[in-house]
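> with the input below, show me the fold.
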Amino acid sequence: MAPSVERSFTAASTIEEAMAARRQGAAVLAGGTWMMRDPRRGVDLPEALVALHRIPALSKVEIAPDHVVIGAAVSHAVLGRALHGAVGFEGLVAAAENAANPGIRRVATVGGNLCALDFAAADLPPALLVCEATVELETFEGPKLIGISDFLEDRHALLAEAIVTRIHLRRDLVASAHIRLPLRKAGDYPVAIVSLAVDKDKRCRIAVGSVEPVARRWAALEQAMAADSASALDPERTAGLALEHNDFQGRDGKEAEGWYRRQVLAPLVKRGVAALLKTGRLV
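Predicted structure coming up:
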């Protein structure tokens, strides 16, 4: 018989209490929708856990005229409702409202989605990348702010000694869209994700998720679009540029091979540009 493991659980009521548990080696439990599947992946559950859902400041969405602050313990469902109708955040709302299935969306949190290190198909990272979000961390030395791109690239090291507490967004977008390609409609992980946004200076931002292990901005396509002689966004033209500037190395997975993930990006970009134009704000 395998020896039993004594586990501890702390439901922190303050960030300080959560950090004290982290110093003792506790892993952070957000919604638990990813961690609870660890045994299926052959990974042991942590011996010590600290939950953040009782910390009031981390369960709020604060909306001001020029910025938005999202607590790390906010669920996908709450995020979608809070930002519904907010100009410029259409893509983020779509990411929150279409991820997984309704049961997962009621539980899975913003912080958990960003911190699931081995979950390449998360919806929120590409949507937050085009928002150029800033991630707020609580570290053993105090609060720290870091851009979303740097956070995603370095999160293995950052999360060893920190907790994600809030996400900060500027309200500088006029329109955005989030396009995902699942194999089935019933909560499947997406094969590829393309998030797009246009800011007040008419610059287009594009990010891709699920194609590579970590979501990232599509800088090559953004630069090609900025240099393009066409002054207006056009779905067909942009899809052609996407084919020409596809610099992704697709990952192989159970749901799709890497070559297929790359192949579907141009059609997703075409759909995304059409969705941006449909808002009627790109004049």
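> wasn't Glu138 part of a strand?
Yes - assignment of Glu138 by DSSP: H, G, I helix; E, B strand; the rest coil places it within a strand.
> mind listing what's buried in the lowest-mean-pLDDT helix or strand in the chain?
When each helix and strand of the chain is scored by mean pLDDT, DSSP states H and E, helix 102-105 comes last, with a mean of 80. Along helix 102-105, these residues count as buried under the neighbour rule (16 or more other Cβ atoms under 10 Å): 104-105. All C-beta spots, glycine's among them, are computed from the backbone N, C-alpha and C.
> and the next helix or strand after it, what other elements does it pack with?
Counting by DSSP states H and E, the next helix or strand C-terminal to helix 102-105 is helix 110-115. Helices and strands touching helix 110-115, as assessed by 3 or more Cβ pairs under 8 Å, 6 or more residues apart in numbering; DSSP states H and E, comprise helix 76-83, helix 124-130, helix 148-158, strand 162-170.
> quick one: closest of those to Val68.
Closest approach to Val68 among those is made by strand 162-170 (4.4 Å; Cβ to Cβ).
> need the contact partners of the next helix or strand after the closest one.
Moving toward the C-terminus from strand 162-170, the next helix or strand (DSSP H and E) is strand 173-182. The contact list for strand 173-182, computed with Cβ atoms under 8 Å, 6 or more residues apart in numbering, reads 87-92, 94-95, 98, 123, 126-127, 130-131, 188-200, 210, 264, 268-269, 271-272, 275-276, 279, 281-282.
> now swap in stretch 243-260 and tell me
With contacts defined as Cβ under 8 Å, 6+ apart, stretch 243-260 is touched by 120, 183, 188-189, 191, 208, 211-213, 218, 220-221, 223-224, 261-262, 265-266.
> show the buried residues in those residues.
120, 189, 191, 208, 211-212, 218, 220-221, 224, 261-262, 265-266.
> so which bits of the longest helix anywhere in the chain are buried?
Longest helix in the chain, counting residues (DSSP state H): helix 265-278. Neighbour-count burial for helix 265-278 flags 265-277 (criterion: 16+ other Cβ under 10 Å).
> do the same with stretch 80-94
Residues 80, 82-83, 86, 88-94 are the ones in stretch 80-94 that count as buried (16+ other Cβ under 10 Å).
> for that stretch, what is the average pLDDT?
What stretch 80-94 shows for mean pLDDT is 98.
> do stretch 196-212 as well
97.
> could you do stretch 143-150 as well?
Stretch 143-150 carries an average pLDDT of 98.
> now do it: distance to the chain's middle.
Chain-centre distance of stretch 143-150: 14 Å, with Cα atoms, centre = their mean, to the nearest Å.
> quick one: residues in contact with stretch 88-98.
Under Cβ under 8 Å, 6+ apart, the answer for stretch 88-98 is 68, 76-77, 79-80, 83-84, 86, 105, 123-124, 126-128, 130-131, 169, 171-178, 180, 195-197, 275, 279.
> under the pLDDT cut-off, which ranges of the stretch 1-150 of the chain? List them.
Low-confidence segments of the stretch 1-150 of the chain (pLDDT under 70): 1-6, 30-45.
> other residues contacting the helix or strand where Leu49 lies?
Assigned by DSSP H and E, Leu49 belongs to strand 48-51. Contact partners of strand 48-51, identified using Cβ under 8 Å, 6+ apart, comprise 7-12, 17-18, 21-22, 24-30.
> paired strands for whatever helix or strand comes next after that strand, with orientation please.
With elements assigned by DSSP H and E, the helix or strand that comes after strand 48-51 is strand 61-63. Strand 61-63 pairs in its sheet with strand 67-71 (antiparallel), by DSSP bridges.
> and the partner strand, what's buried?
Buried residues in strand 67-71 (16+ other Cβ under 10 Å): 68-71.
> need the residues that contact that strand.
Under Cβ under 8 Å, 6+ apart, the answer for strand 67-71 is 57-62, 79, 83, 86, 89, 110, 165-171.
> how far is stretch 140-157 from where the chain is centred?
So, by Cα atoms, centre = their mean, the centroid of stretch 140-157 is 14 Å from its chain's centroid.
> now stretch 161-168: buried residues?
162-168.
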